Structure formats: structure tokens, C-alpha cells
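> sequence and predicted structure below; questions after.
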Amino acid sequence: MTRVKDSHPSPIHGAIMHASAIKTCQTSCPRAVFTAELSAKLEATVAASGWPDFLLKRYAASRRHHHFRIAAASCANGCAQPHIADFGLIATARLSVHPEKCTACRQCLSACAENALKLDQGIRLDTARCLGCAACVRVCPVSALEMSEQGYRVLLGGKLGRHPRLAHELGFFSEKDALRILSATLAVLMGRYRAGQRLGDLIRDMGQENFDRLVRP
């Protein structure tokens with residue numbers, strides 16, 4: 001996972017880097033659920049929210065703990081970053097199953113690390129176990145398993161430091177809705193901001209259900 005870089009820095013990019021730290025996976029990873037270049041969209045959403053200007057007015061020199069941290073992972077194999085960022089995304093898929101196509105080759109059973117698949121008159125999926133990593137889809141030779149929907153698990157309020165907090169999961173959302181949640185999250189943070197406060201602190205003070213209600217699309 002790498003921090004967003006710009007080969008031709010702009011004033012807007014500089015302001016965003018002053019106010020946020022964005023990390024995304026390499027989309028060429030063979031385990032990626034799907035390839036999507038999120039970096040520019042995340043930067044644009046942060047810029048449009050007004051967060052960079054908001055923070056610049058309060059701190060002439062930005063420090064690391066002032067940053068709003070964003071991390072996006074392209075698969076469920078999961079580096080820790082989305083779980084300890086203020087705003088985390090984990091690429092995932094919802095699967096469609098076609099038992100009538102299954103030839104019982106068992107390749108998907110070997111590929112699934114969650115034991116979410118079984119053979120019972122064709123392939124069957126336990127959706128409660130499935131993490132949507134799509135490893136089974138990649139190895140199925142007859143398309144008995146397919147990705148029916150692509151999106152992101154959205155995680156909110158993770159942080160390290162003196163009082164660490166793992167991010168809580170809001171749910172599965174399309175890319176469009178995930179970016180809307182990012183915008184709404186920054187709006188709530190700015191509306192209730194106090195010096196040095198991280199998003200996880202605000203969620204704790206407001207109550208998770210109350211916060212989620214305000215940012216859910």
C-alpha cells in the first residue's frame with residue numbers, strides 16, 4: 001500500500017497533503033477484487049469537502065496527528081491500514097452462483113480461505129462466511145461463480161496512538177456511495193471539530209449509531 005503521489009504537484013494537491021494522508025493499494029495486485037484508480041477520486045472528494053481549507057485556517061504548520069487518514073485496500077487479504085485509518089475502504093464483491101454450470105472440479109474449494117463453499121448438487125455459497133475476495137471466481141473455469149456487484153466495505157474511525165481504536169464497519173457500498181460517505185464524514189467532523197480530535201474520538205463521544213445515521217447515504 002502506497003501513499004498517493006503526484007508527479008506534477010499542484011496547489012490543490014499540496015493543500016490536500018497538508019490536511020490528509022491517503023494510502024491506496026497497487027491495482028496491479030493479482031489478488032485485487034477489481035482494479036479501480038481511487039486516488040484521484042479520493043483527493044477530489046477531500047478537496048470538495050472543504051477540509052483542506054478548514055484545517056489550513058487552524059494550523060499554519062500541519063502535523064501528522066492533524067491529518068485525516070484514508071486507506072483503501074484492493075482485497076480482503078487485508079493489510080491493517082483500513083482498520084487503523086479514519087476512513088477505510090476494502091474492495092469486495094457480491095457473488096452470483098450458478099450451480100447448474102458447476103462441473104465439481106473443486107478448484108474453488110481450494111481457493112476459498114473462508115470455507116464458504118461446498119458441493120451439494122453443484123456449488124453452494126455460504127454468504128455469512130464469504131468475504132467477497134473473488135478468489136473462487138478467478139479460478140472457476142466454467143463461470144459457475146461470478147461477481148454480480150463490486151464495491152467497498154467502508155470502515156470508520158480507526159486510529160493508533162495512546163488510545164488506539166479499530167475502525168468499525170458501516171457496510172457494503174458502491175464506489176459512488178463510499179465517496180458520499182467520505183464527504184459526509186468530513187462534514188460531520190468539521191461541524192464538531194476540536195483541536196487535536198480524531199474521528200474515532202468524535203464517534204466515541206457522539207455514539208456510533210448516532211454518527212452512522214448522519215453519514216449513511
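Nice, thanks for sending it over. Bear in mind that the values here come from a model prediction, so they are computed numbers and not experimental data.

> which parts of the protein are strands?
Using DSSP state E, the strands of the chain run over residues 2-3, 20-24, 68-73, 87-97, 117-119, 123-125, 145-156, 168-173.

> export the ones you listed to CSV and tack on mean pLDDT, distance to Trp51 and mean neighbour count?
The way it works is simple: take the backbone N, C-alpha and C, and place the C-beta from them, glycine included. CSV is the format used below for the strands of the chain (pLDDT from 0 to 100; distance: least, CB to CB, whole Å; neighbours: other CB atoms under 10 Å):
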stretch, mean pLDDT, distance to Trp51, mean neighbour count
strand 2-3, 44, 17, 10
strand 20-24, 82, 7, 21
strand 68-73, 93, 6, 25
strand 87-97, 95, 11, 23
strand 117-119, 95, 42, 16
strand 123-125, 96, 40, 19
strand 145-156, 95, 15, 20
strand 168-173, 97, 19, 17
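
> who's in contact with the residue nearest in space to the middle of the chain?
By CA atoms, centre = their mean, the chain has its centre lying nearest to Leu89, at 0.2 Å. Counting by CB atoms under 8 Å, 6 or more residues apart in numbering, Leu89 touches 38, 70-73, 82, 152-155, 178.

> which residues does it bridge with?
Partner residues in beta bridges with Leu89, using DSSP bridges, are Ala72, Val154.

> where's it relative to Ser74, distance?
Separation of Leu89 from Ser74 (CB to CB, to the nearest Å): 9 Å.

> one more: Gly191?
Going from Gly191 to Ser74 by CB to CB gives 32 Å.

> and if you look at Val97?
As for Val97, its distance to Ser74 is 23 Å (criterion: CB to CB).

> do Arg124 as well
Taking CB to CB, one finds Arg124 at 27 Å from Ser74.

> follow-up on the earlier one: now the strands of the chain as a markdown table including distance to Gly207?
Formatted as a markdown table, the strands of the chain follow (distance: least, CB to CB, whole Å):
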| stretch | distance to Gly207 |
| --- | --- |
| strand 2-3 | 32 |
| strand 20-24 | 25 |
| strand 68-73 | 21 |
| strand 87-97 | 19 |
| strand 117-119 | 38 |
| strand 123-125 | 35 |
| strand 145-156 | 13 |
| strand 168-173 | 12 |
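
> Leu182 is nearest to which of those strands?
Among the strands of the chain, the nearest to Leu182 by CB to CB is strand 87-97 (5.7 Å).
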